[in-house]
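Asker: got a structure for you, letters missing:
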C-alpha cells in the first residue's frame, strides 16, 4: 500500500489494514508466547486452542497477566515495531514515542468479558494524535475480528455520548487494569453496534487507527481464541493533550 493510500484511508475511514514489511518478529513472538503458556498449560499446541484450557475467568486473568508480564519484560512489542519502523514512521512520523507496555489481548470465544465494548480511547485521556497498531498473533476472521465505525474519528464527541459506570471486577492497579480493562468504563449506546463493521486481519498484518475512532473488541463469535497486541505510537512533536 502506498503512502498516499494509507493517508487517504486513515483520513476518510479512520483505519486501514497494512501488510507488515517484516512479519518475522510477529511469528517469533507468537512462538515464544506459546512456549511460555505451555509451562502452565502443557497440552496446549496452538494459541487458538487456549480457551479449552483456560475456562475459569480467574485462571484466565492470572495466566494472561503472567503472559503479558513476560511480553513486556522481553520487549517483544518494541522488537516488532523496530523491524517495521519504515511503515510505522510512514503513519506517525519520524520522531516516535512507543508504548512501553503494549496491551496483550486474549479473547476467548463467546466470553463477552474478555473484549472491550465500543469506545473512544480519547475518552480515557489518550491523545487524538496517537495511533494504535493492532497486530494479531492468531488470524482474526470476520467472526472474531475487531469492530469499528468508519468515519467516526471525524465526528464530535456529542455524537457518541457515554454513560460512565464503576466496574464490578476491575480495581485501580489490579491485574485486569494493567491488562487494559477500565475500572470506570465509559459505555457508548449499545444501538451503535448496528453501525459497526468487523475488520478481518491475518497474522503478518496490522490494523491501524487513530485513537478517536470508535472501536471495540466485540464478542468473539469464532470457534478459536483471538490473541493480539495493540501497540500505541505517537509523534514526539505532537501536541500534548492537557484535559
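Answerer: Perfect, I can see it now. Please read these numbers as outputs of a predicted model, since none were measured by experiment.
Asker: and the helix or strand hosting residue 65, what's its mean pLDDT?
Answerer: Per DSSP states H and E: residue 65 is located in helix 57-73. Across helix 57-73, the average pLDDT comes to 97.
Asker: buried sites along that helix?
Answerer: Of the residues in helix 57-73, 60, 61, 63, 64, 65, 67, 68, 70, 71, 72 count as buried by neighbour count, 16 or more other CB atoms under 10 Å. Heads up, the C-betas are built off the backbone N, CA and C, glycines and all.
Asker: show me what it is packed against.
Answerer: helix 24-38, strand 103-107, helix 175-178 (3 or more CB pairs under 8 Å, 6 or more residues apart in numbering; DSSP states H and E).
Asker: circling back to that earlier point, wait, which of the buried residues of helix 57-73 is closest to residue 111?
Answerer: Distance to residue 111 across those (CB to CB) is lowest for residue 60, with 8.1 Å.
Asker: how about the closest one: what's its closest non-neighbour residue?
Answerer: residue 54 (4.4 Å; CB to CB, 6 or more residues apart in numbering).
Asker: give me the pLDDT value at that neighbour.
Answerer: So residue 54 comes in at 95 (pLDDT).
Asker: over to it: give its phi and psi.
Answerer: For residue 54, the backbone dihedrals (degrees, to the nearest 10) come out as phi -110, psi 70.
Asker: I'd say it and residue 41 touch.
Answerer: Yes - assessed by CB atoms under 8 Å, residue 54 is found in contact with residue 41 at 7.2 Å.
Asker: look at those two and report which has more neighbours.
Answerer: residue 54 (22 against 17; other CB atoms under 10 Å).
Asker: tell me how far the residue nearest to residue 60 lies from residue 143.
Answerer: Distance of residue 54 to residue 143, computed by CB to CB, to the nearest Å: 20 Å.
Asker: likewise for residue 222?
Answerer: For residue 222, the distance to residue 143 - CB to CB - is 4 Å.
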